[in-house]
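In: Give me coordinates for this.
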Amino acid sequence: MRIWTQLVAGAAIAAVGWAMYSGALPGFATTDASTPAGGDPGGGRPATPIVTEPVREGSTQNDLRAIGTGTATRSVTLVARSAGLVEEIPVSAGERVEPGQTVVRLDADDERIALEQARSIREATDATLGRYERLAQSGNTTQSQVDDARAAARAAAADLEMAQLALDRRTVAAPFGGIVGIPKVAQGDLVSNSTELITVDDRTAIRVDFEIPERHIGSIEVGMPVRARTPSDAGVAASGEIVAIDSRVDPVSRTVAVRAELDNADDRLRPGMSFDVTVGLSTRSGLIIPPMAIQLDRDGAYFWTDRDGVAARVDARILQRLDDSIIVDADIAVGAPVIVQGFQGIRAGTAVRHVEPANAG
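Out: Next up, the predicted model:
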């Protein structure tokens with residue numbers, strides 16, 4: 001009797017279970033694993049909150065970098081053209097001078113006396129020549145005497161010019177406008193005709209000489225723009241262009257010399273500075289992706305995008321890394337959303353929903 005009771009109870013429990021499974025009882029229903037219930041297609045989980053940024057169009061820059069040294073557009077070290085004592089230096093280091101302005105003056109007492117003597121002799125010979133020419137008109141002198149007087153007058157004129165030149169050379173002037181450096185001599189110094197006196201630099205523009213590998217010769221040309229930075233002002237890049245390319249390749253270093261000219265209207269740059277020069281060789285279009293979106297696996301770089309509420313993987317090839325972005329080559333349209341937050345743990349096909357950055361998981 002007890003056995004029959006247990007069999008009947010088991011049959012009743014089985015019947016109830018079958019009814020629940022088949023949905024015959026009200027209030028009970030099963031959910032098919034293939035049908036989402038407010039979640040992603042994989043199993044009924046809620047949509048993953050994400051933050052996205054749009055894909056932007058950009059371009060890569062293939063740069064050539066080199067270290068160069070700056071020189072003034074025009075630079076000269078003035079020397080004395082005759083021996084003597086330094087009488088005056090009427091300029092100061094760092095002062096701007098105009099063309100022809102006196103920068104050093106030597107004592108010139110002897111030269112002034114010699115000039116006066118030459119002027120007196122020139123006046124006397126001119127007077128003698130005039131007298132002989134008047135006598136020749138009246139027939140009271142010979143032609144040879146007139147010729148001798150004319151030769152003496154020409155010699156006196158040449159001597160006067162030489163005396164004037166010697167006096168002029170006691171004054172040293174700037175050959176062009178620029179900035180004078182620290183004088184290399186002082187007042188009262190005895191100098192020879194080869195003593196260096198002072199420098200003058202025209203630094204309205206700065207020339208930078210640098211070298212590039214011979215394999216890049218075909219990629220550069222005169223007129224190409226350049227950017228240059230110097231350690232003294234690393235935060236600011238000076239702009240300029242290539243003005244000259246050497247005609248020969250150095251057979252030892254296998255490099256070619258290049259000269260660029262930088263604008264220096266604000267006078268920030270100085271001759272002798274070292275420069276980190278960048279020459280833009282070529283550009284290539286690409287897509288700008290936020291750095292935090294890029295992930296790597298054994299197949300390479302990739303990122304996630306939102307395609308109609310579903311996460312999709314996009315493979316990418318990195319072209320260039322910038323400070324705040326990465327330029328890639330990828331099969332995605334400009335303006336498409338790139339997942340930058342909330343992609344941890346998502347897979348292809350995971351349901352996603354957009355939220356504000358503070359609410360992303």
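
In: what residues are up against residue 352?
Out: With contacts defined as C-beta atoms under 8 Å, 6 or more residues apart in numbering, residue 352 is in contact with 47, 48, 49, 50, 306, 309, 310, 311, 339, 342, 346. Heads up, the C-betas are built off the backbone N, CA and C, glycines and all.

In: ok, and the closest non-adjacent residue to the third one?
Out: Put plainly, it is residue 49. The shortest distance from residue 49 to any non-neighbouring residue, by C-beta to C-beta, 6 or more residues apart in numbering, is to residue 355 (4.3 Å).

In: can you give me the helices for the protein?
Out: All helices of the chain, identified by DSSP state H, fall at 2-22, 109-138, 143-168.

In: Report the mean confidence score over the longest one.
Out: Translated: helix 109-138. Confidence for helix 109-138, expressed as mean pLDDT, is 90.

In: Could you tell me how far stretch 236-245 lies from the centre of the chain?
Out: In terms of C-alpha atoms, centre = their mean, to the nearest Å, the centre of stretch 236-245 is found 6 Å from the chain centre.

In: In it, which of the residues would be classed as buried?
Out: 238, 240, 242 (16 or more other C-beta atoms under 10 Å).

In: ok, now how distant is the closest residue to the second one other than its chain neighbours from residue 210?
Out: Computed as C-beta to C-beta, 6+ apart, the closest residue to residue 240 that is not its neighbour in sequence is residue 262, at 3.7 Å. Taking C-beta to C-beta, to the nearest Å as the criterion, residue 262 is separated from residue 210 by 12 Å.

In: Overlap in contacts, those two.
Out: With C-beta under 8 Å, 6+ apart, residue 262 and residue 210 have common neighbours residue 275.

In: Spit out the contact partners of the residue nearest to residue 49.
Out: 49, 50, 51, 342.

In: Can you tell me which of those residues end up in strands?
Out: Members of the contacts of residue 355 lying in strands (criterion: DSSP state E): 49, 50, 51.

In: So what sits opposite the most centrally placed residue in the chain in the bridge?
Out: With distances taken as C-alpha atoms, centre = their mean, residue 227 lies nearest the centre of the chain, 1.4 Å away. Counting by DSSP bridges, residue 227 is bridged to residue 239, residue 278.

In: does it really touch residue 278, like I thought?
Out: Yes: with contact defined as C-beta atoms under 8 Å, residue 227 reaches residue 278; the gap is 4.7 Å.

In: quick revisit: export the buried residues of stretch 236-245 to a markdown table and append columns for distance to residue 115 and pLDDT.
Out: As requested, the buried residues of stretch 236-245 are exported to a markdown table (distance: C-beta to C-beta, whole Å; pLDDT from 0 to 100):
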| residue | distance to residue 115 | pLDDT |
| --- | --- | --- |
| 238 | 49 | 89 |
| 240 | 48 | 92 |
| 242 | 51 | 94 |
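
In: Let me see the contact set for the residue nearest to the centre of the chain.
Out: 237, 238, 239, 277, 278, 280.

In: Could you dump the contacts of residue 352 into TSV with distance to residue 318 added?
Out: TSV is the format used below for those (distance: C-beta to C-beta, whole Å):
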residue	distance to residue 318
47	30
48	26
49	28
50	22
306	22
309	28
310	25
311	21
339	18
342	22
346	21
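
In: Can you pull out the low-pLDDT segments for the protein?
Out: For the chain, the stretches flagged by pLDDT under 70 are 1-44, 61, 234-235, 282, 358-361.

In: hmm, try it at 80
Out: Along the chain, segments meeting pLDDT under 80 span 1-45, 59-63, 139, 141, 232-236, 281-284, 322-323, 357-361.

In: for it, what's the longest strand?
Out: Under DSSP E, the chain gives strand 56-79 as its longest strand.

In: partners of that one, with directions?
Out: Note on strand 56-79: by DSSP bridges, its sheet partners are strand 196-213 (antiparallel), strand 274-289 (antiparallel).

In: Tabulate the CA atom coordinates of that strand in CSV.
Out: Only the C-alpha atoms of strand 56-79 are listed here, as CSV (Å, rounded to 0.1, in the frame of the first residue of the first chain):
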residue,chain,number,x,y,z
ARG,A,56,37.9,62.3,-37.3
GLU,A,57,39.7,62.7,-40.6
GLY,A,58,43.4,63.5,-40.3
SER,A,59,46.8,63.0,-42.0
THR,A,60,50.2,61.8,-41.1
GLN,A,61,53.4,63.8,-41.6
ASN,A,62,56.6,62.0,-42.6
ASP,A,63,59.2,64.1,-41.0
LEU,A,64,63.0,64.3,-41.4
ARG,A,65,64.9,65.6,-38.3
ALA,A,66,68.4,66.8,-38.0
ILE,A,67,70.6,68.9,-35.7
GLY,A,68,72.1,72.1,-37.1
THR,A,69,74.0,75.2,-36.1
GLY,A,70,72.8,78.7,-36.6
THR,A,71,74.7,81.6,-38.2
ALA,A,72,73.8,85.2,-39.0
THR,A,73,72.6,86.0,-42.4
ARG,A,74,75.6,88.4,-42.7
SER,A,75,78.4,88.3,-40.2
VAL,A,76,81.8,90.0,-40.1
THR,A,77,84.8,90.4,-37.8
LEU,A,78,86.3,93.8,-38.5
VAL,A,79,90.1,94.2,-38.4
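
In: one step back: quick one, which of the ones in strands among the contacts of residue 355 are buried?
Out: Buried among these (16+ other C-beta under 10 Å): 50, 51.

In: Ends of stretch 72-86, what's the gap?
Out: 27 Å (C-alpha to C-alpha, to the nearest Å).

In: err, stretch 329-340, not the other one
Out: The first residue of stretch 329-340 is 18 Å away from its last residue (C-alpha to C-alpha).

In: now that stretch, how far from the centre of its chain.
Out: 32 Å.
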